[in-house]
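Trainee: here's a sequence, model it:
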Amino acid sequence: MMKSLTRIVAGGTLAMTAMLVAFYTSPASALSDEDWDTCARSAELSSDRPIRGCTAIISAGERLLAQLVAAYNNRGLAFRANGDLDRAIEDYDQAIRLMPDHHVAINNRGVALMAKGELDRAITDFDHAIRLKSDYFAAFGSRAAAYSRKGLFDRAIADLDVVIKADPKNQILIRERATMKAKMGDAVGADVDFCRAEALAGGTIAPTRPR
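Mentor: Numbers count the residues shown, from 1 in each chain. Predicted coordinates for the structure are as follows:
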């Protein structure tokens with residue numbers, strides 16, 4: 001039987017992403033369907049059920065590396081959703097220890113570090129994730145958020161340029177870029193982006209421009 005899930009969980013205006021990874025279970029597995037399902041759905045379930053499910057997978061000592069990495073990564077998402085950032089980071093550390101080139105877990109750890117205010121460490125993780133997968137746009141969006149928090153708007157805009165090029169109709173990111181351009185004093189560039197975002201929104205949201 002195969003349990004698979006690959007979802008993007010957006011948080012914040014810059015669509016910082018934490019990605020779930022897929023599970024591939026063996027017929028001989030002694031674990032229940034609920035264990036796999038709740039762990040795989042860790043980002044959408046707010047209770048402790050995903051933590052119990054992922055813990056059961058880890059405790060069962062599954063020998064397939066990908067399953068262990070998925071369990072640690074997804075339990076980390078559940079801990080982060082519950083506000084337990086330190087335990088989330090510990091689980092991402094374990095996933096990365098088992099699979100050092102796992103760009104998803106590296107990015108997720110960066111998102112948790114950013115939530116703790118450890119921006120430099122978070123940026124280091126985002127840099128690493130991008131080096132491992134140059135078209136991993138989640139890491140570009142996450143790094144843009146970290147740069148923005150540090151007031152490095154030029155770098156944040158450069159990262160948003162990459163994401164917007166791949167997703168040119170994302171009016172939320174275009175609006176974020178416009179706000180950053182305005183903060184840098186680029187009134188013309190900001191106005192172009194605000195107008196573009198408002199056109200894409202089709203009048204469904206009220207214009208919100210910084211004053």
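
Trainee: any weak-confidence spans in this structure?
Mentor: For the chain, the stretches with pLDDT under 70 are 1-31, 45, 61-64, 203-211.

Trainee: strands of that one, start to end?
Mentor: Assigned by DSSP state E, the chain shows strands spanning 8-11, 16-19.

Trainee: list the neighbours of stretch 179-197 that are in contact with it.
Mentor: Residues outside stretch 179-197 that contact it (CB atoms under 8 Å, 6 or more residues apart in numbering) are 148, 153-154, 156-157, 160, 171-172, 174-175, 177-178, 207, 209-210. (Glycine included, C-beta is placed from N, CA and C.)

Trainee: report the buried members of these.
Mentor: By neighbour count, with 16 or more other CB atoms under 10 Å, these hold 148, 153, 156, 157, 160, 171, 172, 174, 175, 177, 178 as buried.

Trainee: in helices, which of those appear?
Mentor: Of the buried ones among the contacts of stretch 179-197, the ones assigned to helices by DSSP state H are 148, 153, 156, 157, 160, 171, 172, 174, 175, 177, 178.

Trainee: among the contacts of stretch 179-197, which one lies nearest to residue 54?
Mentor: residue 172 (30.4 Å; CB to CB).

Trainee: how much space is there between the closest one and residue 147?
Mentor: 17 Å (CB to CB, to the nearest Å).

Trainee: also residue 75?
Mentor: Counting by CB to CB - residue 75 and residue 147 are separated by 29 Å.
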